[in-house]
Structure formats: structure tokens, C-alpha cells
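Asker: Give the three-dimensional model of this entry:
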Amino acid sequence: MAFMVKTMVGGQLKNLTGSLGAGEDKGDGDKSAAEAQGMSREEYEEYQKQLVEEKMERDAQFTQRKAERATLRSHFRDKYRLPKNETDESQIQMAGGDVELPRELAKMIEEDTEEEEERASVLGQLASLPGLDLGSFKDKAQATLGDLKQSAEKCYIM
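Answerer: All right, here's what the predicted structure looks like:
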């Protein structure tokens, strides 16, 4: 309970005492952020530069990933003849225009394309029929072909 009262009233008391003694504590309030961090001014400036550089790198990577995703979405829109999205195009342009898909995504798309081509073929359509076993069908066809070759060898006319 004391904790709750302290947290509720403590902040207000600090504001009240801070405004009363504002003229006296001006020197302590003038401490720079570097001294508060326990660094010299040069170290603090270097630290701030590193933070800004890291943030810029993260932002660039984030923009690149967004552009890769937009490229993937636009690829599927083209593939399935869906309407284009302006936000995807703007994200691609923000990343520099020509964005390549990561290898993993390109592999996935390639595998999907191969599967769809296989399904579109005649054998793919036959495989999708229920009750038809392509393995036994293939074995029977090979056996028949082997029988035809043997009978052709025995034929005296040929």
C-alpha cells in the first residue's frame, strides 16, 4: 500500500519541489546526456553515430525485405492474372527498382511451377483419377511391349 501511495504522490512531489527550487539546481540540470551515461563527450558522440548507422542498416534491410515480399506478391499476381497493387510497386521502387527474390523463395516458386506443369500434363490428369493405379498401368504396358518384341523376333516375315 505504501508503494502505491509513493508512486502516485511521489511524482507529483518531485514536480512540486523541482519547480520551487528551480533556480538553485540549474547546474545539476545542465548535465549533458554523455555525463549521465558515464561517458566523455567524444565517446557519447561516437556512440550516437553508431546508433544512427545501425538504425540506417536495419531500415535498409527492412526496406529490402519488404521489396522482396512485394516482388513475390506481384509475381503471383502476374501468374494468376490478378490486378496489380500500387503499394507493392512503390515498395519495389523504394528499394531500388530491380529486386531479386531470395534463393529459398525462388526455389519454392520453381517447385510450385513444376508441380503445376506436371498436373497439367496428360499423365498428371490420369494420376488424379480415382481408382487408377499408374504403377500397375505402366507395368502392364511394359509387359505388353515386351511380348510384342518377342513375337516380332519370332515372326519370319519381318
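
Asker: And the lowest mean pLDDT element among the helices and strands of this structure?
Answerer: helix 26-29 (a mean of 45; mean pLDDT, DSSP states H and E).

Asker: Quick one: mean pLDDT over the helix or strand encompassing residue 52.
Answerer: With elements delineated by DSSP states H and E, residue 52 resides in helix 41-79, which encompasses its position. In this model, helix 41-79 has an average pLDDT of 90.

Asker: what packs against that helix?
Answerer: Secondary-structure packing of helix 41-79 (3 or more Cβ pairs under 8 Å, 6 or more residues apart in numbering; DSSP states H and E): helix 33-37, helix 86-94, helix 103-120. In short, each C-beta sits where N, CA and C put it, glycine included.

Asker: switch to 6 Å and redo it
Answerer: helix 86-94 (3 or more Cβ pairs under 6 Å, 6 or more residues apart in numbering; DSSP states H and E).

Asker: for the helix it packs on, which positions count as buried?
Answerer: Neighbour counts over helix 86-94 (16 or more other Cβ atoms under 10 Å) mark 88, 91-92 as buried.

Asker: Tell me where the model's unsure across the chain.
Answerer: 1-32, 122-129, 131-132, 134, 155, 157-158 (pLDDT under 70).

Asker: Distance to residue 109 for the buried residues of helix 86-94 - can I get that in JSON lines?
Answerer: Compiled in JSON lines, the buried residues of helix 86-94 are given as follows (distance: Cβ to Cβ, whole Å):
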{"residue": "88", "distance to residue 109": "16"}
{"residue": "91", "distance to residue 109": "19"}
{"residue": "92", "distance to residue 109": "17"}
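
Asker: any idea which of these is closest to residue 52?
Answerer: residue 91 (23.5 Å; Cβ to Cβ).

Asker: Excluding chain neighbours, what is closest to the closest one?
Answerer: residue 70 (4.2 Å; Cβ to Cβ, 6 or more residues apart in numbering).

Asker: My guess is the one you found contacts residue 87. True?
Answerer: No: with contact defined as Cβ atoms under 6 Å, residue 70 does not count as touching residue 87 (7.6 Å).

Asker: what's the overlap in contacts for these two?
Answerer: Counting by Cβ atoms under 6 Å, 6 or more residues apart in numbering, residue 70 and residue 87 have no common neighbour.
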